[in-house]
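**Student:** Take a look and give me a structure for this.
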Amino acid sequence: MKTLLIGAFRISALGLSLALLPSVACAQKTSRVVKTETVDIVVDTVATDITIPFGMAFLPEGDMLVTDRNEGKIWRVDPKRRTKTALANVPRVFTEGQAGMLDIVLHPDYRRNGWIYLSYSAIRDSLNGTVVDRFKLKDNALTEVQRIFTCDPFFKNSLHFGDRLVLHDGYLFLTVGERSALRDSAQSLSNHFGKVIRIRDDGTIPSDNPFYNSPGAKQEIWSYGHRNPQGLFRDPVSGTLYESEHGPKGGDELNVIQPGKNYGWPIITYGTEYSGKLINDGLFEKEGLEQPLKYYKPSIGPSGVVVYTGDRFPSWKGNVFTGAMALQHLNRLVIRDGMVEKEERIFDGNRWRVRNVAQGPDGYLYLGVDGGMVLRLRPAR
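**Tutor:** Take a look at the predicted model:
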């Protein structure tokens, strides 16, 4: 752990100095071959010196937008040239602890409307909280910035923000953590903590949201009872909305999100307090509360989620991938008939805290790894 922390600080300092340049070479042309259960893959390093690569989005021309949580930056990465450029006119971001510059997604109709969506931790007086802005990109600078969501309430700590984004069919889904000290807020409909949020892509609230007409409830709520949801992805084939979230000590979850459902935290959990003490007498199921599709004990620290739909890895088609930060690997799940049939832990032993995983328009998988790397996975030929 000490080596990882030292390395992270070294990279952070380097990133600050490199950011002063408009465009820099950011990775050597290094590749390696790794064997998995079904396919041999080549791992290319396409970017370095991005301390916590939290969000990754692909522009139509092939460049990536990568957020650096800790530094409060957004980088434009060219995977072919392996260069990166810091975007200008980024908002002021609260970057302590688990806060910072978080997820980023393009509107599905980006070629026509140019909208990009960004979640981050904002500051208001001495408090902080999640906001979502949308903006357009011109000359590597943010323009036409519009605020479309503000979490209620703001709070004074730096834990459990969640903050993954999914855009589909005119709707924006957002995960919000319960901020740790306010765990019981996940069961209250009067706030946004511990929830999956659903709004329209312009920030307005759909009238068919499950609690839209419930007195005292936040109308944006889609589901509730979540702890620290770090991954969210909609399978374009099945329409399934997958969410991954951190449990306490043990009890990390992969959930299938449905409107109006209660996912149990902190009433039920497969985990315990970090002291080992039982939570709610060790209750892990209760009528009316949803069970996870899969839970992990011990915790793997699940992060970004993707369902692979490309043709580059035929044996992985339809598989669910999530990063694993605590147990440091790429987690692959084979799901059939609503059940997890198989699990594989790729890069187990590499000590890579995989923060995010995304499928590029080229059909390859891309990983964001804490400590600075963006990696591309392609099949060995």
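
**Student:** Give me the distance between Glu344 and Pro210.
**Tutor:** 35 Å (C-beta to C-beta, to the nearest Å). The C-beta positions use only the backbone N, C-alpha and C, and glycine is treated the same way.

**Student:** Over to Ile148?
**Tutor:** Between Ile148 and Pro210 the distance is 20 Å, computed by C-beta to C-beta.

**Student:** again with Leu232
**Tutor:** Leu232 is 17 Å from Pro210, by C-beta to C-beta.

**Student:** Same drill for these two, tell me which one is more crowded.
**Tutor:** Neighbours were counted for Leu232 and for Pro210 using other C-beta atoms under 10 Å; Leu232 has more, 24 against 18.

**Student:** what's the nearest residue to the more buried one if we skip its chain neighbours?
**Tutor:** The spatially closest residue to Leu232, leaving aside those adjacent along the chain, is Arg164, at 3.8 Å (C-beta to C-beta, 6 or more residues apart in numbering).

**Student:** Surely the one you found is within a strand?
**Tutor:** Yes. Read with DSSP: H, G, I helix; E, B strand; the rest coil, Arg164 is one of the residues of a strand.

**Student:** And for it, the neighbour number?
**Tutor:** Counted by other C-beta under 10 Å, the residues lying close to Arg164 total 28.

**Student:** tell me the contacts of it?
**Tutor:** 102-103, 119, 174-175, 229-232, 243, 304-305 (C-beta atoms under 8 Å, 6 or more residues apart in numbering).

**Student:** which residues of the protein score low on pLDDT?
**Tutor:** Counting by pLDDT under 70, the low-confidence segments of the chain come to 1-29.

**Student:** Show me what stretch 262-275 is in contact with.
**Tutor:** When contacts are taken as C-beta under 8 Å, 6+ apart, the neighbours of stretch 262-275 outside the stretch itself are 178, 183-184, 186-187, 194, 223-227, 245, 247-253, 255, 278-280, 282-286, 288-290, 292, 295, 297, 299.

**Student:** so how far is the first residue of it from its last?
**Tutor:** End-to-end span of stretch 262-275 (C-alpha to C-alpha, to the nearest Å): 26 Å.

**Student:** list the buried ones in that stretch?
**Tutor:** The neighbour-count criterion (16 or more other C-beta atoms under 10 Å) identifies 262-272 as the buried residues of stretch 262-275.

**Student:** between those, which is closest to Thr45?
**Tutor:** Out of those, the one with the shortest distance to Thr45 is Gly271. That distance is 34.2 Å, counting by C-beta to C-beta.

**Student:** ok, of the contacts of stretch 262-275, which come out buried?
**Tutor:** For the contacts of stretch 262-275, a burial check counting by 16+ other C-beta under 10 Å picks out 178, 183, 186-187, 194, 223-227, 245, 247-249, 251-253, 255, 279, 284, 289-290, 292, 295, 299.

**Student:** Please list the members of the residues you listed that lie in strands.
**Tutor:** The strands in this structure, assigned by DSSP state E, contain 223-224, 245, 252-253, 255, 295 from the buried ones among the contacts of stretch 262-275.

**Student:** need those residues in CSV with distance to Asp68, can you?
**Tutor:** Putting these into CSV (distance: C-beta to C-beta, whole Å) gives the following:
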residue, distance to Asp68
Ser223, 29
Tyr224, 30
Glu245, 23
Asp252, 24
Glu253, 27
Asn255, 28
Tyr295, 31
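
**Student:** List just the nearest of these to Arg198.
**Tutor:** Distance to Arg198, by C-beta to C-beta, is smallest for Ser223 among those, at 8.8 Å.
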